[in-house]
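Undergrad: just a sequence and a predicted model for now, questions to come.
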Amino acid sequence: MTATSKLPKRKFDVVIVGAGGSGMRASLQLARAGLNVAVLSKVFPTRSHTVAAQGGIGASLGNMSEDNWHYHFYDTVKGSDWLGDQDAIEYMCREAPKVVYDLEHMGMPFDRNPDGTIYQRPFGGHTANYGEKAVQRACAAADRTGHAMLHTLYQQNIKEKTSFFVEWLAMDLIRDAAGDVVGVSAIEMETGDVHIFEAKTTLLATGGAGRIFAASTNAFINTGDGLGMAARAGIPLEDMEFWQFHPTGVAGAGVLLTEGCRGEGAILRNSNGERFMERYAPAYKDLAPRDYVSRCMDQEIKEGRGCGPNKDYINLDMTHLGAETIMKRLPSVFEIGHNFANVDITKEPIPVVPTIHYQMGGIPTNIHGQVVTQNADNKSEVVNGLYAVGECSCVSVHGANRLGTNSLLDLLVFGRAAGNHIVEFNKSTTHKPLPADAADATLARVARLDNATGGEYAQDVANDIRAAMQQHAGVFRTQAIMDEGVTKIAALRERVNNIGLKDKSRIFNTARIEALEVENLIEAAQATIVSAAARKESRGAHSVDDYGDTPEHPNGRNDTDWHKHTLWHSEGNRLSYKPVQMKPLTVDSIPLTVRSF
Ligand SMILES: Cc1cc2nc3c(=O)[nH]c(=O)nc-3n(C[C@H](O)[C@H](O)[C@H](O)COP(=O)(O)OP(=O)(O)OC[C@H]3O[C@@H](n4cnc5c(N)ncnc54)[C@H](O)[C@@H]3O)c2cc1C
């Protein structure tokens with residue numbers, strides 16, 4: 001009898017790991033179709049990071065200014081610095097109005113225009129008429145859009161009788177001899193017991209890994225568990241070098257101030273009070289794409305025009321908007337200013353710095369949410385039984401840089417698409433048998449911690465990973481800084497193997513959970529630093545000082561050698577590459593030559 005055979009087992013049609021916007025959009029589609037669905041979450045569903053999304057959901061409804069999905073498609077391709085796959089981008093932009101109206105019909109409390117239509121605000125990089133003028137495309141519920149969306153989805157799931165497993169940590173994917181995924185192992189936090197969830201289909205919706213950095217707008221639970229699970233199961237991670245810095249994290253606190261602030265008219269000013277974005281991006285100004293605005297802010301600070309005694313931040317000025325607009329459209333921002341910066345934003349500017357916000361890369365998928373790997377001929381091959389959606393996935397609609405509001409949209413469009421595809425897939429499949437050693441690797445991970453005498457605190461190792469990533473893969477990158485980071489992170493991986501547990505108790509032992517999470521952090525961190533150090537160009541959020549503007553490579557982007565997706569493989573810590581999909585589904589592709597903001 002193997003150790004695995006003694007474990008408690010549960011069987012579902014579909015197991016979803018993650019109860020954020022993407023996981024719950026998918027589960028809703030499945031539960032509505034009558035499938036037996038389990039959703040596992042580390043926290044109560046409505047505490048998932050989606051709840052923190054403020055600004056809006058991008059969709060070309062055209063309620064407030066002329067718009068159509070072709071413009072949205074163009075903006076997204078351009079915003080991605082041509083690394084986004086154009087088939088997936090077309091699919092997302094075309095489906096956008098439908099998924100927003102779906103939400104409206106579910107009861108999502110969007111802000112309204114006087115004529116009753118959904119209120120839409122401008123957002124960075126979103127334009128009408130192919131870059132000619134700003135457009136109002138972000139569908140918003142004040143500055144609490146994610147909150148409203150997550151609660152709407154949760155309520156609908158309750159109505160459809162989705163089974164939630166709250167405070168469970170999924171640990172490892174179970175693959176059989178053919179490589180098909182047949183479920184996951186998970187630990188119940190309340191008891192410390194390991195269980196097996198068997199499923200015809202497993203869907204990863206575990207969100208981002210923003211907590212691999214020290215300064216982050218992300219929730220503490222964003223430790224990249226899905227990435228770790230995929231990496232350990234032999235699935236590569238795509239484009240992990242691309243991390244978005246949000247221009248406006250509260251200086252010193254990391255808490256996000258939505259781009260909706262600038263959408264409503266807020267202005268970035270340097271120590272001279274100058275609206276410096278007018279110089280860098282005369283057309284888009286403060287609403288240029290995030291990677292660009294972050295770099296301009298960094299440049300101002302580097303050139304000595306930062307604000308404050310240490311000249312190390314930029315001011316975000318909302319004083320001219322008026323208290324009434326602020327309280328109506330940005331009530332949470334007002335509270336954040338008060339609580340985290342001791343600033344009354346109706347009267348004075350608030351100090352901000354670019355802060356880690358979003359991972360563009362993740363688990364490679366196609367537009368149905370199916371996880372794909374590359375075969376020996378570098379052709380995409382589906383991993384049977386495994387899907388991924390949301391921030392942990394890389395379908396790749398965001399390429400090298402995501403436009404604001406396109407993530408909530410990505411969750412809805414691909415959550416629904418994966419749901420629909422799984423419904424079809426489930427009709428023609430039965431449960432495959434569990435391999436005899438299904439959870440042996442998981443049990444070995446737990447046993448190592450239980451048997452360790454001595455060893456390091458998980459927290460210390462995690463903090464050192466975060467510090468190293470902040471220093472070596474931050475907004476300011478040079479080849480030498482990244483190369484040094486590769487060595488540091490490799491050394492930290494050794495330390496992860498030496499983590500010990502002082503308290504070996506089982507019931508709600510959060511130290512044990514944290515130790516297990518660090519094993520995921522290190523996969524996401526190593527994927528990031530190794531992929532970054534290898535990419536010898538500047539593109540989107542990956543901006544490297546060594547690869548600057550030259551006549552041959554404007555803005556440092558080198559399409560001849562680097563117009564390709566990175567794949568990082570945990571086993572062997574090696575890289576491979578795959579082509580960017582430049583062929584949209586129905587429209588003309590946007591050629592690489594269109595540039596500038
Ligand atoms: C402060 C902030 C503001 C944002 N504002 C916007 C915005 O206005 N517009 C926009 O488009 N995007 C915005 N984004 C980005 C967007 O909100 C996220 O990318 C998106 O919500 C991620 O959703 P998700 O479903 O992928 O994952 P999440 O919402 O992060 O949920 C992840 C889920 O996975 C579960 N989980 C993780 N690991 C495990 C495990 N091992 N076992 C069990 N469960 C697990 C968690 O418990 C959670 O339920 C914002 C992000 C932040 C941080």
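TA: Received it, and whenever you're ready, just let me know what you need.
Undergrad: low-confidence ranges in the protein?
TA: Scanning the chain for pLDDT under 70 picks out the ranges 1, 595-597.
Undergrad: quick check: longest helix of it.
TA: helix 510-534 (DSSP state H).
Undergrad: give the buried residues for that helix.
TA: Neighbour counts over helix 510-534 (16 or more other CB atoms under 10 Å) mark 511-533 as buried. C-beta here means a position set from N, CA and C on the backbone, and glycine is covered the same way.
Undergrad: contact residues of the stretch 301-450 of the chain facing the ligand?
TA: 358, 390, 391, 392, 404, 405, 406, 407, 408, 411 (CB under 6 Å from any ligand atom).
Undergrad: type out the PyMOL command that picks the buried ones from those residues.
TA: Selection of buried members from these for PyMOL, criterion 16+ other CB under 10 Å:
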select buried, resi 358+390+391+392+404+405+406+407+408+411
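Undergrad: for the residues of the stretch 301-450 of the chain next to the ligand, which one is nearest residue 188?
TA: Of all those, residue 392 has the smallest distance to residue 188: 21.8 Å, by CB to CB.
Undergrad: mind checking how far the closest one is from residue 64?
TA: 33 Å (CB to CB, to the nearest Å).
Undergrad: before we move on, what about residue 129?
TA: The value you get for residue 129 to residue 64, if CB to CB is used, is 15 Å.
Undergrad: of these two, which one has the most company?
TA: A count of neighbours by other CB atoms under 10 Å puts residue 64 above the other of residue 129 and residue 64, at 16 against 13.
Undergrad: list the contacts of the more buried one.
TA: 113, 119, 120, 136 (CB atoms under 8 Å, 6 or more residues apart in numbering).
Undergrad: neighbour-wise, which of the residues you listed leads?
TA: That'd be residue 120 among those, by other CB under 10 Å, with 30 neighbours.
Undergrad: can you list phi and psi of the nearest residue to that one once chain neighbours are set aside for me?
TA: Using CB to CB, 6 or more residues apart in numbering and skipping residues adjacent in sequence, the residue nearest residue 120 is residue 136, 4.3 Å away. Residue 136 adopts backbone torsions of phi -100, psi 100, taken as degrees, to the nearest 10.
Undergrad: likewise for residue 359?
TA: Torsion angles at residue 359 (phi, psi; degrees, to the nearest 10) stand at phi -100, psi 120.
Undergrad: please apply the same query to the one 4 residues further on.
TA: Per-residue torsions, residue 363: phi -80, psi 120 (degrees, to the nearest 10).
Undergrad: could you check how far it is from the ligand?
TA: 11 Å (CB to the nearest ligand atom, to the nearest Å).
Undergrad: any idea how far that residue lies from residue 337?
TA: Residue 363 is 36 Å from residue 337, by CB to CB.
Undergrad: neighbour count: the two, which is higher?
TA: residue 363 (28 against 25).
Undergrad: spatially central residue in this structure, please.
TA: Closest to where the C-alpha atoms of the chain average out (CA atoms, centre = their mean) is residue 391, at 3.2 Å.
Undergrad: three-state assignment of the spatially closest residue to that one that is not a sequence neighbour?
TA: Leaving aside its chain neighbours, residue 391 sits nearest to residue 208 (4.1 Å; criterion: CB to CB, 6+ apart). Following DSSP: H, G, I helix; E, B strand; the rest coil, the label given to residue 208 is coil.
Undergrad: just checking, what packs against the helix or strand hosting residue 172?
TA: When elements are assigned from DSSP states H and E, residue 172 belongs to strand 168-175. The contact analysis (3 or more CB pairs under 8 Å, 6 or more residues apart in numbering; DSSP states H and E) places strand 168-175 against strand 37-41, strand 181-188, strand 194-204, helix 225-232, helix 440-451, helix 510-534.
Undergrad: now those as TSV including distance to residue 296?
TA: Output for those, formatted as TSV (distance: least, CB to CB, whole Å):
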stretch	distance to residue 296
strand 37-41	38
strand 181-188	43
strand 194-204	35
helix 225-232	30
helix 440-451	44
helix 510-534	21
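Undergrad: quick one, what contacts whatever residue of the stretch 151-300 of the chain ends up closest to the ligand?
TA: Using CB to the nearest ligand atom, the single residue of the stretch 151-300 of the chain nearest to the ligand is residue 207, 2.4 Å away. Contacts for residue 207 (CB under 8 Å, 6+ apart) come out as 18, 20, 22, 48, 49, 50, 221, 222, 226, 390, 391, 392.
Undergrad: one more time with 7 Å
TA: By CB atoms under 7 Å, 6 or more residues apart in numbering, the residues touching residue 207 are 18, 20, 48, 49, 222, 390, 391, 392.
Undergrad: burial measure for the fifth one, as a count.
TA: When neighbours are counted by other CB under 10 Å, residue 222 registers 23.
Undergrad: isn't it right up against residue 49?
TA: Yes: with contact defined as CB atoms under 7 Å, residue 222 reaches residue 49; the gap is 5.7 Å.
Undergrad: you'd agree residue 408 is up against residue 20?
TA: No: with contact defined as CB under 7 Å, residue 408 does not count as touching residue 20 (10.2 Å).
Undergrad: sec struct for residue 268, please.
TA: Residue 268 is classified as strand under three-state DSSP.
Undergrad: who does it bridge with?
TA: Note on residue 268: beta-bridge partners residue 316, judged by DSSP bridges.
Undergrad: ok, now which ones touch it?
TA: With CB under 7 Å, 6+ apart, residue 268 has these contacts: 276, 277, 286, 297, 314, 316.
Undergrad: pull the contacting residues for the first one.
TA: The neighbours of residue 276, taking CB under 7 Å, 6+ apart as the test, are 268, 270, 296, 300.
Undergrad: what of residue 214?
TA: With the criterion set at CB under 7 Å, 6+ apart, residue 214 makes contact with 466, 467, 470.
Undergrad: buried residues, the one helix or strand the second one maps to. List them.
TA: By that I understand residue 467. If you go by DSSP H and E, residue 467 is part of helix 458-472. Within helix 458-472, the residues scored as buried using 16+ other CB under 10 Å are 458, 461, 462, 464, 465, 466, 468, 469, 470, 472.
Undergrad: wouldn't the last one be in contact with residue 486 here?
TA: No: taking contacts as CB under 7 Å, residue 472 lies outside contact range of residue 486: 8.0 Å.
Undergrad: between these two, which contacts overlap?
TA: residue 529.
Undergrad: what's the spacing between residue 534 and residue 50?
TA: Distance from residue 534 to residue 50, by CB to CB: 32 Å.
Undergrad: please apply the same query to residue 453.
TA: 41 Å.
Undergrad: try residue 22
TA: 8 Å.
Undergrad: do residue 554 as well
TA: 37 Å.
Undergrad: between the two, who's got more neighbours?
TA: The residue with more neighbours, out of residue 554 and residue 50, is residue 50; 29 against 10, by other CB under 10 Å.
Undergrad: I'd guessed that one sits against residue 147; true?
TA: No: contact criterion CB under 7 Å: residue 50 and residue 147 do not qualify, at 8.5 Å.
Undergrad: tell me the contacts of the residue nearest to residue 120?
TA: By CB under 7 Å, 6+ apart, the neighbours of residue 136 are 64, 65, 120, 121, 122.
Undergrad: likewise for residue 348?
TA: Here residue 348 is in contact with residue 319 (CB under 7 Å, 6+ apart).
Undergrad: one more time with 6 Å, if that's ok
TA: If you count contacts by CB atoms under 6 Å, 6 or more residues apart in numbering, residue 348 has none.
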